[in-house]
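1. Model the following, please.
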Amino acid sequence: MLFGAAMLALMALAACEKDPSGTDIKGKTNQEVLMMQPWHLTSWTDSTESFPGVNQNIVEPCLKDDVYEFINTTQVKLTVNSVCDAETDNTLTWNMPDPKGTTVNFLNYSWTIETVAADKVTMSRDYLFNIDGVTYTIFEVLTLTK
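-> Residues are numbered from 1 along each chain as shown. Predicted coordinates:
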């Protein structure tokens, strides 16, 4: 009986643990998770159906220290931190048609949220691209990290 009570207490304690980053996202919408802290754009990969497994990260190293802060439901504050980037801080637009949904309009594209954690959000999109009369499906994955 004492062993059962101890196991029950241990299970309750484990269930209350927060995300390893220390930020609790339980019960938050995807929109709220994006707005709760600043993010770094650490990866933006693209590949085509013609070259499976070939991913190209199009985020230049100079951009990885820039900070994206979703300050409200329509604006993202971009803080440029790199000395090798001549761009200045500015405000970008974004939105989510449904705060609980997975569609995010950001950086002039419509993305689908694939995974959400307190320290990482992954979004994807695909589109058609024509090169010399051949149409390719391009798959892109964007990763934001804390």
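
2. tell me which element the most centrally placed residue in the chain is part of?
-> Nearest to the geometric centre of the chain sits residue 121, at 2.9 Å (C-alpha atoms, centre = their mean). According to DSSP states H and E, residue 121 maps onto strand 120-131.

3. buried residues in that strand?
-> Neighbour-count burial for strand 120-131, counted by 16 or more other C-beta atoms under 10 Å, picks out 121-125. Where you see a C-beta, it was placed from the backbone N, CA and C, and this is true even at glycine.

4. and what of stretch 131-140?
-> By 16+ other C-beta under 10 Å, the buried positions in stretch 131-140 come out as 139-140.

5. Where does residue 33 sit: helix, strand or coil?
-> Here residue 33 is helix, with the state taken from DSSP: H, G, I helix; E, B strand; the rest coil.

6. That one - how many residues pack around it?
-> 18 (other C-beta atoms under 10 Å).

7. so it sits right up against residue 115, yeah?
-> No - Residue 33 lies out of contact with residue 115 (C-beta atoms under 8 Å); the separation is 10.9 Å.

8. residues shared between the contacts of those two?
-> Jointly contacting residue 33 and residue 115 under the rule C-beta atoms under 8 Å, 6 or more residues apart in numbering are residue 121.

9. Show me where this structure dips below the pLDDT cut-off.
-> Scanning the chain for pLDDT under 70 picks out 1-22, 48-58, 82-87.

10. Name the nearest residue to the residue nearest to the centre of the chain, ignoring sequence neighbours.
-> In space, and not counting its chain neighbours, residue 121 is closest to residue 144: 4.6 Å by C-beta to C-beta, 6 or more residues apart in numbering.
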